[in-house]
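Peer 1: My questions are about this predicted structure, shown below with the sequence.
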Amino acid sequence: MAQITLDKLAHSYLPNPKTDHDFALKELDYAWDDGGAYALLGPSGCGKTTLLNIISGLLVPSKGQILFDGKDVTNLQPEQRNIAQVFQFPVIYDTMTVRQNLEFPLKNRNVPNDEISKRVAEMIDILDLSDKADRKARGLTADEKQKISLGRGLVRYDVNAILFDEPLTVIDPHMKWQLRTKLKDLHRQLGHTMIYVTHDQTEALTFADKVVVMYEGDVVQIGTPEELFDEPKHTFVGYFIGSPGMNILPVEVSGNQAKLGSHTVTLKGAYPDLTGKIELGIRPEFLSLTNSESGIPAQINGVEDIGRFKIVRASIEGVELNVVLNEGESIPAEPKLIFESSRINIYQDDHLVRSLENGKGI
Ligand SMILES: Nc1ncnc2c1ncn2[C@@H]1O[C@H](COP(=O)(O)OP(=O)(O)OP(=O)(O)O)[C@@H](O)[C@H]1O
């Protein structure tokens with residue numbers, strides 16, 4: 001296992017990149033802790049695979065360095081980096097049995113036979129493949145084959161890191177949950193540095209201690225699931241994390257007041273003078289609907305019943321937003337919206353601004 005440091009790393013697929021837009025991965029400085037469980041989360045095309053391929057050595061970055069435990073590996077081939085990689089689709093030997101597939105990476109590294117038998121038996125047990133252990137991989141389902149792929153990465157105990165690129169895409173939904181939980185347990189047991197690429201927030205938030213959120217080639221926030229939920233540093237994080245995501249509303253801010261259309265919302269503190277695009281972010285969970293005189297009159301446009309809660313699609317003077325109502329709560333006859341002040345974030349040109357009491361900047 002190793003600490004992986006990205007030192008002013010950036011990548012463009014163009015031969016002569018000129019502007020920031022020419023970079024698939026914009027400049028990034030970050031150290032991944034030895035033994036950490038990370039998820040790289042973001043929509044299609046945001047640069048996740050580019051970053052993963054730079055770490056594994058499939059791609060040489062156009063700028064910067066990559067270091068494993070302080071040693072520069074930027075120009076080393078993948079096989080020289082001692083990294084295990086699990087891809088979206090199974091990479092296994094169809095003509096070998098499940099057991100032989102799992103033994104293979106260890107035999108290649110001259111691990112003693114008794115150690116191989118022990119680790120492979122453990123892995124077969126962990127992956128619930130005991131009844132298939134001596135069957136050829138060819139006849140197995142896509143789920144089972146992908147489990148072997150995961151196992152082939154996980155049996156290696158001497159790796160610097162294990163990289164997962166959307167490994168659960170072919171797995172059925174029920175099994176996905178089981179495997180995610182298993183991966184998390186394995187991380188606790190084995191302590192490998194794990195980097196897990198996904199565009200699925202549930203996968204990222206359940207697997208990782210820290211989630212790296214990417215947007216248009218930029219890492220916009222690195223944080224725990226709680227930090228991403230409570231204090232998104234960028235409007236994209238607010239919108240992308242959560243179901244539904246954060247409401248991002250155009251406002252004008254003056255001191256501790258935000259003007260939303262002709263209405264005023266009280267903020268948790270006073271803000272400095274702000275220029276540019278100013279927005280108020282509040283999660284649907286922190287809005288409530290009341291009949292009382294206080295609150296902002298809202299129009300209700302629709303209700304989606306999810307079972308444990310309802311998502312109410314509402315609007316204030318034409319500005320649309322979502323409100324989450326818990327089981328048992330109903331929509332008042334003349335609904336007014338109450339904003340929970342302590343849960344409001346203010347954004348300037350998409351970046352979080354702190355109130356004066358909490359210090360300036362993002
Ligand atoms: N080999 C390549 N040559 C040129 N451009 C590329 C190449 N690979 C990726 N790109 C571009 O780089 C950007 C980032 O792509 P990347 O595959 O890293 O994103 P991603 O987040 O992994 O997307 P996905 O989830 O769809 O795999 C995209 O604009 C993509 O079109």
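Peer 2: Now that the structure is in, tell me what you want to look at.
Peer 1: got a list of what the residue nearest to Lys136 when sequence neighbours are not counted touches?
Peer 2: Spatial nearest neighbour of Lys136, excluding adjacent residues (CB to CB, 6 or more residues apart in numbering): Thr97 at 5.7 Å. Using the backbone N, CA and C atoms, a C-beta is placed for each residue, glycine as well. For Thr97, the contact set (CB atoms under 8 Å, 6 or more residues apart in numbering) comprises 133-137.
Peer 1: And Thr97, its phi and psi?
Peer 2: Thr97 has phi and psi values of phi -80, psi 170 when expressed as degrees, to the nearest 10.
Peer 1: How much space separates it from the ligand?
Peer 2: Taking CB to the nearest ligand atom, to the nearest Å as the measure, Thr97 falls 32 Å from the ligand.
Peer 1: One more: Ile195?
Peer 2: 13 Å.
Peer 1: Enumerate the beta-bridge partners assigned to that residue.
Peer 2: Taking DSSP bridges, one obtains Tyr38, Leu163 as the residues bridged to Ile195.
Peer 1: if we can go back for a sec, can you lay out the contacts of Thr97 as CSV showing pLDDT and neighbour count?
Peer 2: Formatted as CSV, the contacts of Thr97 follow (pLDDT from 0 to 100; neighbours: other CB atoms under 10 Å):
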residue, pLDDT, neighbour count
Ala133, 96, 17
Asp134, 96, 11
Arg135, 96, 14
Lys136, 96, 15
Ala137, 96, 20
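Peer 1: ok, so of these, who is nearest Phe23?
Peer 2: Closest approach between the contacts of Thr97 and Phe23, by CB to CB: Ala137, at 40.1 Å.
Peer 1: For that closest one, give me phi and psi.
Peer 2: For Ala137, the backbone dihedrals are phi -60, psi -30 (criterion: degrees, to the nearest 10).
Peer 1: What residues does the chain have near the ligand?
Peer 2: Residues of the chain lying close to the ligand (CB under 6 Å from any ligand atom) are 13, 24, 42, 44-50, 199.
Peer 1: Buried only: go through these for me.
Peer 2: Burial by neighbour count, 16 or more other CB atoms under 10 Å: within the residues of the chain next to the ligand this picks out 24, 42, 46-50, 199.
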